[in-house]
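Chemist: okay, here's the prediction I keep looking at, along with the sequence it came from:
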Amino acid sequence: MECEPPAPLSADSLHLDGRVSVVTGGGTGIGRGVARTLANFGCRVAVWEKDPDTARAAGEEINGLGLVVDVREADQVESALAETIERLGCPTILVNNAGGTFASPFLDSNERGWNALHRANLFHVILCTHRVSGAMVGAGLGGSIVNVTSIEAHRAAPQFAAYAAAKAGVANFTKTAALELAVHGIRVNAVAPDLTHTDAMAAMAGPEGPSRWDRIVPLGRAGTPEEVGGAVVFLASDLSSYVTGETIHVDGGTFASSGWFHRPDGSGYGYGS
């Protein structure tokens, strides 16, 4: 296989003007920030979201398309893809962002919970990648697929064992899909956020959360959904034309720190304190 090298990079290489993108779970949180950022860089964005209200609101906010779809269901994914192609054109950017979790000690968990977490965090990534990449290939287009994993894909996660396993599956699937789809000019990468300011994170952390985040995160704060969106824009754009099969940690340094935290007195780092 011999491929022509791309044109020289310039400021225009970051532009996504006119490209069609799909963001799953784009109605709230990180997905909403990613959809907003892609639109700000010129994309025509279709938000695939199972909640009708947030799907509609997100679509209106970005002057895009908000479709009600449960991305765990193949028939709904196929219908949403057909409508996206009809109304916006064939997507060349897919962001597999939808997902969710709940805490449960492993010995108290059961098959029903495992299956729910698998479908919510891994199965839909495989399903949407299969259908959307198939449309790209059928249209003779290359593209970029970005999977949203989590720092929990790369470290232990007590009380979140099945969730972490599913996210680790996404990270590995990213590598394999990157190899298989490279021949079609489709790149596949992932981003792995950690502490990110969303309504769900705020509810989970409680009022004392931000004070702990200042110590846990080397950069001293939680991230924003738009900062995750910035990494997605890079991976979707021509600036990353030679990047595939990779995971970018958008976490303020928490994966690198691996247990080294800011000391309360500001005198540097302490391990586990």
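Modeler: Looks like it arrived, so ask away.
Chemist: does Met136 touch Cys90 like I think?
Modeler: Yes. In this structure, Met136 is within contact of Cys90 by Cβ atoms under 8 Å, at 6.7 Å. C-beta here means a position set from N, CA and C on the backbone, and glycine is covered the same way.
Chemist: neighbour count: those two, which is higher?
Modeler: Met136 (22 against 16; other Cβ atoms under 10 Å).
Chemist: could you report the pLDDT at the closest residue to that one other than its chain neighbours?
Modeler: Among residues not flanking Met136 along the chain, Gly143 sits closest, at 4.6 Å (Cβ to Cβ, 6 or more residues apart in numbering). In the predicted model, Gly143 carries a pLDDT score of 98.
Chemist: one more: Thr198?
Modeler: 85.
Chemist: next, count neighbours for it.
Modeler: Thr198 has 21 nearby residues by other Cβ under 10 Å.
Chemist: can you check the one 5 residues further on too?
Modeler: Ala203: 9 surrounding residues under other Cβ under 10 Å.
Chemist: contacts for the helix or strand encompassing it, please.
Modeler: Applying DSSP states H and E as the criterion places Ala203 in helix 199-205. Contact partners of helix 199-205, identified using Cβ atoms under 8 Å, 6 or more residues apart in numbering, comprise Thr28, Gly29, Leu195, Gly209, Arg212, Trp213, Ala222.
Chemist: could you do stretch 127-145 as well?
Modeler: With Cβ under 8 Å, 6+ apart as the test, stretch 127-145 has contacts from 22, 24, 48, 71-72, 74, 77-78, 81, 85, 90-96, 147, 173, 177, 181, 184-189, 235-237, 240.
Chemist: now the contacts of helix 199-205: which count as buried?
Modeler: Of the members of the contacts of helix 199-205, the ones counted as buried by neighbours, 16 or more other Cβ atoms under 10 Å, are Thr28, Gly29, Leu195, Gly209, Trp213, Ala222.
Chemist: what's the per-residue pLDDT of the third one here?
Modeler: pLDDT for Leu195: 91.
Chemist: quick one: the helix-or-strand element of the chain with minimal mean pLDDT to chain centroid distance?
Modeler: The helix or strand of the chain with the lowest confidence, counting by mean pLDDT, DSSP states H and E, is helix 199-205 at a mean of 73. A distance of 18 Å separates the centroid of the chain from that of helix 199-205, by Cα atoms, centre = their mean, to the nearest Å.
Chemist: same thing with stretch 14-27?
Modeler: Using Cα atoms, centre = their mean, the offset of stretch 14-27 from its chain centre is 12 Å.
Chemist: what's the end-to-end length of it?
Modeler: 24 Å (Cα to Cα, to the nearest Å).
Chemist: hmm, back to that, and the next element down the chain from the least confident helix or strand of the chain?
Modeler: That would be, after helix 199-205 and using DSSP H and E, helix 209-216.
Chemist: contacts for that next one next, please.
Modeler: Contacts for helix 209-216 (Cβ under 8 Å, 6+ apart): Leu195, Met201, Ala202, Ala205, Gly220, Arg221, Ala222, Thr254, Phe261, His262, Arg263, Pro264.
Chemist: nearest residue to the middle of the chain?
Modeler: Val148 (2.4 Å; Cα atoms, centre = their mean).
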